[in-house]
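A.B. asks: generate coordinates for the sequence data below:
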Amino acid sequence: MDLRDTIRTYRLFSGSYDVVFGPVFHPGRKEAVRVANDRPGQRILEVGVGTGLSLPHVDALHVMDAEHLDFDDNSFDAVLALYVASVVPSPARFAAEMRRVCIPGGTIVLVNHFTSENWALRWMEKRLAHLARHIGFHADFPLDTFLHDSELTAREIRPSNLFG
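C.D. replies: I've put the predicted structure just below:
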């Protein structure tokens, strides 16, 4: 999946995405914000605002490539990415940028769909992977591969909505 495909998909599906998936993914978004915003006065970056569901809550908006952020190293206390890792062209590059702009000891909160550990759901995800790419995401996106390639270490993993 490349940037042009992602932009085309967001333009095509953004209105219906918010109506259908906004409520489904809301619990994960809400919990991620709670975790990232655990101390007053923090500088928090949300990478990849997607259709803009969180825009009413941001102080400033900067449009840029999630794989090449125009911020200095160690600029933010927390970096938040909600349902972004499986839609960027290079998840490892995206993760490297989050690490770069987050202060040492800071918090990176990632909420995303990853391949299910349930064999039946995993089988279905693999069958739907080709179709999913056409609508803008990787349905077969294994967490262990992402963590290895991105060199991130998970401190905590928990389900955030009915899809896991």
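
A.B. asks: for the record, mean pLDDT for the lengthiest strand in the chain?
C.D. replies: Using DSSP state E to define each element, the chain has its longest strand at strand 102-111. Averaged over strand 102-111, pLDDT sits at 94.

A.B. asks: which element follows that strand toward the C-terminus?
C.D. replies: Counting by DSSP states H and E, the next helix or strand C-terminal to strand 102-111 is helix 119-134.

A.B. asks: identify the residues contacting that next one?
C.D. replies: Helix 119-134 is contacted from outside by 1, 5, 9, 115-116, 138-140, using Cβ atoms under 8 Å, 6 or more residues apart in numbering. C-beta here means a position set from N, CA and C on the backbone, and glycine is covered the same way.

A.B. asks: which pair in those spans the largest distance?
C.D. replies: The largest separation in the contacts of helix 119-134, counting by Cβ to Cβ, is between Asp5 and Ser116 at 24.0 Å.

A.B. asks: find the centremost residue of the protein, please.
C.D. replies: The centroid of the chain falls nearest to Val84 when counting by Cα atoms, centre = their mean (2.7 Å).

A.B. asks: contacting residues for it?
C.D. replies: Residues near Val84 by Cβ under 8 Å, 6+ apart: 47-48, 50, 66, 94, 110, 112.

A.B. asks: just the buried residues from the residues you listed, in ChimeraX please.
C.D. replies: Filtering the contacts of Val84 down to the buried ones (16 or more other Cβ atoms under 10 Å) takes a single ChimeraX command:
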select :47,50,66,94,110,112
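
A.B. asks: what is the nearest of the contacts of Val84 to Leu80?
C.D. replies: The nearest one, if we look at these relative to Leu80 and count by Cβ to Cβ, is Val47, at 7.1 Å.
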